[in-house]
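*Asks:* Predicted model and sequence below, questions to follow.
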Amino acid sequence: MPNAGSRTRLILLGVGGGPRPRAASSSPAQVIVVDDVAYVVDCGNGVARQLASAGVALPRLRHVFLTHHHSDHNADYGNLLLLAWASGLGTRVDTWGPPPIERITRLFFEMSAYDIAVRIADEGRVAPEPLVHVHEFSQGGVVLEDTVVKVTAALVDHPPVVPAFAFRFDGPDRSIVISGDTVPSDTLIRLAQDADVLVHEALYVPALDRLVARVPNAARLKAHLLACHTAADDCGRVAAAAGVKTLVLSHLVPADDPSVTEGMWLDAATAHFKGEVVVGKDLMEI
Ligand SMILES: [Zn+2]
Ligand SMILES: [Zn+2]
């Protein structure tokens, strides 16, 4: 594996795009672990459970980043904070993302006030809300620089959601970029320049008609998917333009069509990119 011996680990927690719960794959989330400190990017449904399955102890949670506020990326944001606290987290957590992340955080704690009060009184826990420091931003740039990791955000193009971000993590020995949701993006290409790993959302266009045939709003859903996501062959073009070493396809749409094989994803992505291509799977470490 490309991460052998690296201090900067990347674990895919959920690689299926879209909010509909599926048996085959969890919703979008990933964690970068540097020296046992966990930086979670996106909080699709099941993120806390997936961290447990990946062997990342929830009290190690230190930073949470949201790329944008579609529910496949934020549905379990509050739940992750609450369940990490219920699992013993008693230290600071910083959360980062576009508006209205402050309001979402505040309302989540308000919604959860009964359980929190009961556990503080009954189990002697510290109050969770003062542990959580929210950073809301609408522009790209360096958002975090600590002793081991620099995190840079870039605005990407995911209409009608504005702003939507990609994030780059420059760790002690590897650089990892998470595309978020976007059409092929020049700002993402610049952000990902010469990165070791680019995790890019991917759409398998030939299978779209079968996917949308299952829903009542088929025509609108198809138009949405084509107008604000990236086809797998374009993921290869982006990876080549950025000069990354490894392209990881994730946020796969469709996520659970057995007729779309790993080889089909690879054929599409490698048409324009000669580096390593990985088709993401839940709990895969890269
Ligand atoms: Zn999405
Ligand atoms: Zn989205």
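*Replies:* Now that the structure is in, tell me what you want to look at. Residues are numbered from 1 along each chain as shown. Ligands and ions are numbered 1, 2, ... in the order given.
*Asks:* where does the chain dip in pLDDT?
*Replies:* Low-confidence segments of the chain (pLDDT under 70): 1-4.
*Asks:* Surely Arg119 is in contact with Gly88?
*Replies:* No: in this structure Arg119 lies outside contact range of Gly88 using C-beta atoms under 8 Å: 11.3 Å. Bear in mind the C-beta positions are built from the backbone N, C-alpha and C, glycine included.
*Asks:* More neighbours: which of the two?
*Replies:* With other C-beta atoms under 10 Å as the criterion, Arg119 and Gly88 differ in neighbour count, and Arg119 comes out ahead with 17 against 11.
*Asks:* Now do the SS call for that one.
*Replies:* The three-state assignment at Arg119 reads helix, by DSSP: H, G, I helix; E, B strand; the rest coil.
*Asks:* Name all residues that make contact with the closest residue to it other than its chain neighbours.
*Replies:* When the adjacent residues along the chain are set aside, Arg119 lies closest to Arg125, with 5.3 Å between them (C-beta to C-beta, 6 or more residues apart in numbering). Shown in contact with Arg125 (C-beta atoms under 8 Å, 6 or more residues apart in numbering): Trp85, Gly90, Arg119.
*Asks:* gap between the two ends of stretch 169-183?
*Replies:* When the termini of stretch 169-183 are compared using C-alpha to C-alpha, to the nearest Å, they are 21 Å apart.
*Asks:* quick one: is that stretch near ligand 2?
*Replies:* Yes: contact check for stretch 169-183 against ligand 2, using C-beta under 5 Å from the ion: residues in range are Asp181.
*Asks:* For that stretch, buried residues please.
*Replies:* Across stretch 169-183, burial judged by 16 or more other C-beta atoms under 10 Å covers 169-171, 174-183.
*Asks:* which one of those sits closest to ligand 2?
*Replies:* Nearest to ligand 2 among these is Asp181, at 3.5 Å by C-beta to the ion.
*Asks:* gap between that closest one and Ala54?
*Replies:* Distance of Asp181 to Ala54, computed by C-beta to C-beta, to the nearest Å: 22 Å.
*Asks:* same thing with Thr270?
*Replies:* Looking at Thr270 against Ala54, where the rule is C-beta to C-beta, the gap reads 27 Å.
*Asks:* again with Val161
*Replies:* Relative to Ala54, Val161 is positioned 27 Å away (C-beta to C-beta).
*Asks:* Equivalent analysis for Lys245, please.
*Replies:* Applying C-beta to C-beta, one obtains 23 Å for the distance of Lys245 from Ala54.
*Asks:* So Glu201: helix, strand or coil?
*Replies:* From three-state DSSP, the assignment for Glu201 is strand.
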